[in-house]
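Undergrad: Next come a sequence and a model predicted from it.
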Amino acid sequence: MPKQNFFHFFSDVYSTNTYLYETKQSPENLKRKIKEAISQKGEELWRNNLSGELNEDSTFEINGSSRPLSRIPRITVGPLVFIKGKIILKTENKSIVRAQIRLSIQLLLYPIILTILGFWKIISFVPEQRFFGIAFFVIAIFLWFRIIFLKMYYKNEFEMALDLPENDFIVERRFRLFNRLRISNLMSIFK
């Protein structure tokens, strides 16, 4: 893994990362692997936890559900991770896969809300409330690390499903937390 400063490590959770993969597979082979990965049924469901669609123009949208969070209660509505990309023909038997990986905005709001609540409880004038503020901070830090590993988990699932080489080099990093924040996303939290 390339050396990152603390800000990039922290902001990686809240950013959309774009990766480029060069592979010696044909685009047809990659399309077949995407179809296999997103259409698993029955016994094959254990292999990965991806669903989505592959379009005719070689673009794909893959979603990840909550298997890595299965031991804690489900806290979001809908997919947790979104992987969008395109398969690009380089030569006859070589392809480039461009993939953007981002997390659900609902999932990203929980550490922020818990941090704000923790700060509010700590600065309150009631000393007994400070313990709850510290507890909120600890829970927020735990969730933040859990979300980091969730993003890495689905990136690795995607790479394994398509037999892509492991890639930790981020071509583009977009920090767009509030551009994705919409009232409909917020309202679905309370359903």
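TA: Ah, there it is.

Undergrad: And Phe137, which helix or strand is it part of?
TA: Per DSSP states H and E: Phe137 is located in helix 130-161.

Undergrad: my bad, Ile113
TA: If you go by DSSP H and E, Ile113 is part of helix 105-123.

Undergrad: before we move on, what about Asn29?
TA: Asn29 belongs to helix 27-38, assigned by DSSP H and E.

Undergrad: Report the buried residues of the next helix or strand after that helix.
TA: Later in the chain than helix 27-38, the nearest helix or strand by DSSP H and E is strand 50-54. Within strand 50-54, the residues scored as buried using 16 or more other CB atoms under 10 Å are 50, 52, 54. In short, each C-beta sits where N, CA and C put it, glycine included.

Undergrad: hang on, the first one packs against Phe158?
TA: Yes - distance between Leu50 and Phe158: 7.0 Å, which falls inside the contact criterion (CB atoms under 8 Å).

Undergrad: Find residues that contact each of these two.
TA: Both Leu50 and Phe158 are contacted by 62, 83, under the criterion CB atoms under 8 Å, 6 or more residues apart in numbering.

Undergrad: what residues does the helix or strand hosting Gln100 touch?
TA: Secondary structure assigned from DSSP H and E places Gln100 in strand 94-103. Applying CB under 8 Å, 6+ apart, the contact partners of strand 94-103 are 13, 15-27, 30, 80-90, 147, 150-151, 154-155, 158, 162, 164, 171, 180.

Undergrad: go on, stretch 120-134?
TA: By CB under 8 Å, 6+ apart, the residues outside stretch 120-134 that reach it are 117-119, 136-137.

Undergrad: filter those residues to the buried ones?
TA: 117-118, 136-137.

Undergrad: and the angle from the helix holding Phe137 to helix 27-38?
TA: 140 degrees (axes from the mean of the first three to the mean of the last three CA atoms, to 10 degrees).

Undergrad: residue ranges with poor pLDDT in the protein?
TA: 1-10, 40-48, 65-77, 168, 175-191 (pLDDT under 70).

Undergrad: roughly how far out does stretch 146-166 sit from the chain middle?
TA: Between the centre of stretch 146-166 and the centre of its chain there are 9 Å (CA atoms, centre = their mean, to the nearest Å).

Undergrad: buried stuff in it?
TA: Here stretch 146-166 shows 147, 150-151, 153-155, 157-159, 161-162, 164 as buried, counting by 16+ other CB under 10 Å.

Undergrad: And for stretch 98-114?
TA: Across stretch 98-114, burial judged by 16+ other CB under 10 Å covers 98-111, 114.

Undergrad: Skipping adjacent residues, who's closest to Glu36 in space?
TA: Take Glu36 and drop its neighbours on the chain: the residue closest to it by CB to CB, 6 or more residues apart in numbering is Ala161, 7.7 Å away.
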